[in-house]
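[1] predicted model and sequence follow; I will ask about them next.
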Amino acid sequence: MLFFSYFKELVGREVTVELKNDLAIKGTLHSVDQYLNIKLENTRVVDQDKYPHMLSVRNCFIRGSVVRYVQLPPEGVDVELLHDATRREARGG
Amino acid sequence: MLPSCGNGFRRMGMELVAGLFWCLHFVFGASNTNTKTIKMTTLEEYLELYVNSELVDLSLLVFLYDNTVLLLAEKLLVLLRDGRKLLGLLRSFDQFANVILEGACERAIVGDIYCDIPLGLYVIRGENVVLIGELDLDREELPPHMTQVSEEEIKRAQKVEKDASDLKGTMRKRMEFLDFD
């Protein structure tokens, strides 16, 4: 549940989602759910020429199981907070 | 999720009326669906419109728990795990991302040519879904330099592409003993 709540904090930020099929999509994080499915708004594909069919897609839903990386804005990472949260999680409370 | 049909309408509780308000607002105020914008002021007007509505197929409305309503008539692009791209109207979905598309077609793209192969009604199992994209009707679907060709032509182009990549694979295999990167 840690990463779910973490991603919920990032809603509204600009992220790049890299999928397992090497498609990378940049967009504003609209919402995320327990499976880490992701909804992006104002999306654009990083390599537009290679994926012409994505040209008119503005908003999209990405299934959590196909995500390889989510690239976050540097200011969106509060290392101290994450440290504390992971330690708490590891202790089991 | 609550059922939505014309006859059951009178039996719906008052809490749904609030949702109804929202739904008509949604349907007629929505920006990127092909619906008109109609301004309503009273609840009666909303209900009147709801009952007499010919503009909206009520079976396409999904009432969500938080009183919001989804209109299942959007044109979608569904990317599958095998790389296929399906286009169609969203008719239903669930929490596994299982999707039903009406009037689905596959968009086959090879280089600068493409073809929309009609498929019909499609039920897609969620595990095969990579991405579901909402198509912006105001934007070009494909870059202008791409041309539409017939189904036979695209099949031929796909075969050529497949043969080329197969050949590349076998060449690599044969050269493996050379141990280069």
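    That came through fine.

[2] now the longest helix anywhere in chain A: average pLDDT?
    The longest helix of chain A (DSSP state H) is helix A:79-91. Averaged across helix A:79-91, the pLDDT comes to 88.

[3] return the distance of it from the chain's centre.
    Here the centre of helix A:79-91 is set off from its chain's centre by 20 Å, with CA atoms, centre = their mean, to the nearest Å.

[4] for the most centrally placed residue in chain A, give me phi and psi.
    Centroid-nearest residue in chain A, with CA atoms, centre = their mean: A:Val70, separated by 4.4 Å. Here is the backbone geometry of A:Val70 (degrees, to the nearest 10): phi -120, psi 120.

[5] residue contacts, it?
    A:7, A:15-18, A:38 (CB atoms under 8 Å, 6 or more residues apart in numbering or on different chains). The C-beta positions use only the backbone N, C-alpha and C, and glycine is treated the same way.

[6] I'd say A:Leu36 and A:Val67 touch.
    Yes: taking contacts as CB atoms under 8 Å, A:Leu36 lies within contact range of A:Val67: 6.7 Å.

[7] and B:Asp136, what pLDDT?
    For B:Asp136, the predicted pLDDT is 82.

[8] run a quick neighbour tally on it.
    15 (other CB atoms under 10 Å in any protein chain shown).

[9] buried residues in the longest helix along chain B?
    Counting residues, the longest helix in chain B under DSSP H turns out to be helix B:151-174. Across helix B:151-174, burial judged by 16 or more other CB atoms under 10 Å in any protein chain shown covers B:154, B:157.

[10] what pairs with the host helix or strand of A:Thr16, parallel or antiparallel?
    Per DSSP states H and E: A:Thr16 is located in strand A:14-19. Take DSSP bridges as the rule and strand A:14-19 pairs in its sheet with strand A:24-32 (antiparallel), strand A:67-71 (antiparallel).

[11] for that strand, buried residues please.
    Buried, per 16+ other CB under 10 Å, within strand A:14-19: A:15-19.

[12] pick out whichever of those sits closest to B:Pro118.
    Closest approach between these and B:Pro118, by CB to CB: A:Leu19, at 27.3 Å.

[13] ok, that closest one - contacts?
    A:25, A:62, A:66-68, B:130-131.

[14] go again with 7 Å.
    Neighbouring residues of A:Leu19 by CB atoms under 7 Å, 6 or more residues apart in numbering or on different chains: A:62, A:66-68, B:130.

[15] ok, the one residue in chain B that gets nearest to chain A to A:Arg88 distance?
    Closest contact between chain B and chain A, by CB to the nearest CB, is at B:Gly133 (3.4 Å). B:Gly133 sits at a distance of 37 Å from A:Arg88 (criterion: CB to CB, to the nearest Å).

[16] ok, B:Arg172 next?
    49 Å.

[17] ok, B:Val160 next?
    With CB to CB as the criterion, B:Val160 and A:Arg88 are 57 Å apart.

[18] which residues of chain A lie near chain B?
    A:19, A:21, A:52-63, A:66 (CB under 7 Å from any CB of the partner chain).

[19] could you work out the most separated pair of these?
    That would be A:Pro52 and A:Arg63, which, of the residues of chain A next to chain B, are the farthest apart (CB to CB) at 21.9 Å.

[20] who has more neighbours, those two?
    A:Arg63 (22 against 19).

[21] now the phi/psi pair for that one, please.
    According to degrees, to the nearest 10, A:Arg63 has phi -70, psi 130.

[22] how near is it to B:Ile124?
    A:Arg63 is 11 Å from B:Ile124, by CB to CB.

[23] how about the residues of chain B near chain A?
    B:77, B:83, B:85, B:97, B:107, B:109, B:129-136, B:139-143, B:146.

[24] mind checking which of those are buried?
    Using 16+ other CB under 10 Å, the buried ones in those are B:77, B:85, B:97, B:107, B:109, B:129-135, B:141-142, B:146.
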